[in-house]
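Asker: generate a structure from the sequence data that follows.
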Amino acid sequence: MALVDLHTHPSAHGETGFSLENVEQFVLRGIARGCSDLGFSDHDMFLAGLKQEILANLQAKYPQINLRLGLEVDYRPGTEAEIRQKLAPFPFDYLIGSVHEVGGWIFDHPDYMDGYKKYRGDDLYREYFTLVGQAARSGLFQVIGHPDVIRVFGFKCESPLLELARPALEAIRDAGLAIEINTNGRYKPVGDFYPAREVLAEAFRLGIPVTLGSDAHEAANVARDLEEAVDLLKEIGYRSIVSFQKGERIAYPL
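Answerer: Predicted coordinates:
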C-alpha cells in the first residue's frame, strides 16, 4: 500500500518550531508508518523559520524516505502577487492552497464560532467554495487543502453539498491541480475526513488526482488514519495517489 503524507506542521501554530530535533521526530514517525514520501507544509506565517538545510541533512541521514518541502498558504483574494513574490526564493516541491477565512472571518477556529450566526448555510458554503475556486485558478498551488473544511463544526448547508462544491471541483480540474484527503477532520466536531465521500467521488469522476495528508501538528499524528483513507479511495475507484518533486507530480499506485 502506497502511503504519502504531504500535510504536516512541525511548527504547529507557533508552539514548536522547525528545529532539527522536532523535524527528525516527524521523519522517524513517517518511516515507522511506512511512508514513501513525507512533506513538510508549515503555515505560511512561519515561513521565516523554515530551514532548508535541516531537511537536506535529514534526507542524507534517512534515504529510505523522500522528504518534500511544501507550505500551506492561506489564500485570500487579491493577494496573489504578494504570495508569489514572497515564495519565489524558496525551492518548494509543492504548495497547498487552503481557505480558512471568509470575509476576514476565521471560520475554522473555535474562538470565532459566533460568526456562523450571521449566515444561512447555503450562503456560507457558496462563498467558501467560490474562494476555493479562485484559489484553484490563481496559478499558485499544486494542491487544494481540505477542500470542504467549511464543514469543520458541522454547520449545515440546505442544498446538497455536492451541488455547492461542484463549481470549485471543476475549477480544480481545469487548473490541473490535486486535492488532498485530509484525515484530521475525523478529530474535529464534523468527525469525518475532508472532503466528504460524495465530494471525493465527484473528484474521481472529474479525473482530479488526490494526495494524502494527516495535518499532523505533532510527530505522533504523522500518517494518522492514512490506511483508512486509502481504503476509501480504492472503494471510490482511485488506483493511484500523487506526490510532488520540484513542482512535478509523481504518481504512486495504490
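
Asker: C-alpha only now, for contacts and for neighbours.
Answerer: OK.

Asker: buried sites along whichever strand or helix holds Val132?
Answerer: Assigning secondary structure by DSSP states H and E places Val132 in helix 121-137. When burial is assessed from 16 or more other C-alpha atoms under 10 Å, helix 121-137 yields the following buried residues: 122, 124-126, 128-137.

Asker: same thing with stretch 11-30?
Answerer: Those buried within stretch 11-30 under the rule 16+ other C-alpha under 10 Å are Ser11, Ala12, Gly17, Phe18, Val23, Glu24, Gln25, Phe26, Val27, Leu28, Arg29, Gly30.

Asker: likewise stretch 214-224?
Answerer: Applying a neighbour-count criterion of 16+ other C-alpha under 10 Å, one finds Ser214, Asp215, Ala216, His217, Glu218, Ala219, Asn221, Val222, Ala223, Arg224 buried in stretch 214-224.

Asker: show me where this structure has its strands.
Answerer: Counting by DSSP state E, one finds strands in the chain at the ranges 4-5, 37-40, 66-74, 94-98, 101-102, 105-106, 143-144, 178-182, 210-213, 240-245, 248-253.

Asker: can you tell me which of those is nearest to Lys156?
Answerer: strand 101-102 (16.0 Å; C-alpha to C-alpha).

Asker: for that closest one, which strands pair with it and how are they oriented?
Answerer: Using DSSP bridges, the strands paired with strand 101-102 in its sheet are strand 105-106 (antiparallel).

Asker: contact partners of the strand it pairs with?
Answerer: Residues from elsewhere that reach strand 105-106, judged by C-alpha atoms under 8 Å, 6 or more residues apart in numbering: His100, Tyr112, Gly115.

Asker: columns pLDDT on top of those, output as TSV?
Answerer: Formatted as TSV, the entries for these read as follows, by pLDDT from 0 to 100:
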residue	pLDDT
His100	98
Tyr112	97
Gly115	96
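
Asker: circling back: how about the strands of the chain in JSON lines, adding mean neighbour count?
Answerer: As requested, the strands of the chain are arranged in JSON lines below (neighbours: other C-alpha atoms under 10 Å):
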{"stretch": "strand 4-5", "mean neighbour count": "26"}
{"stretch": "strand 37-40", "mean neighbour count": "26"}
{"stretch": "strand 66-74", "mean neighbour count": "24"}
{"stretch": "strand 94-98", "mean neighbour count": "25"}
{"stretch": "strand 101-102", "mean neighbour count": "16"}
{"stretch": "strand 105-106", "mean neighbour count": "14"}
{"stretch": "strand 143-144", "mean neighbour count": "27"}
{"stretch": "strand 178-182", "mean neighbour count": "27"}
{"stretch": "strand 210-213", "mean neighbour count": "26"}
{"stretch": "strand 240-245", "mean neighbour count": "21"}
{"stretch": "strand 248-253", "mean neighbour count": "14"}
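
Asker: quick one: the residue nearest in space to the middle of the chain from Leu212, how far?
Answerer: For the chain, the residue lying nearest the average C-alpha position, counting by C-alpha atoms, centre = their mean, turns out to be Gly145 (3.0 Å). Separation of Gly145 from Leu212 (C-alpha to C-alpha, to the nearest Å): 10 Å.

Asker: what touches both of those two?
Answerer: Both Gly145 and Leu212 are contacted by Glu180, Asn182, under the criterion C-alpha under 8 Å, 6+ apart.
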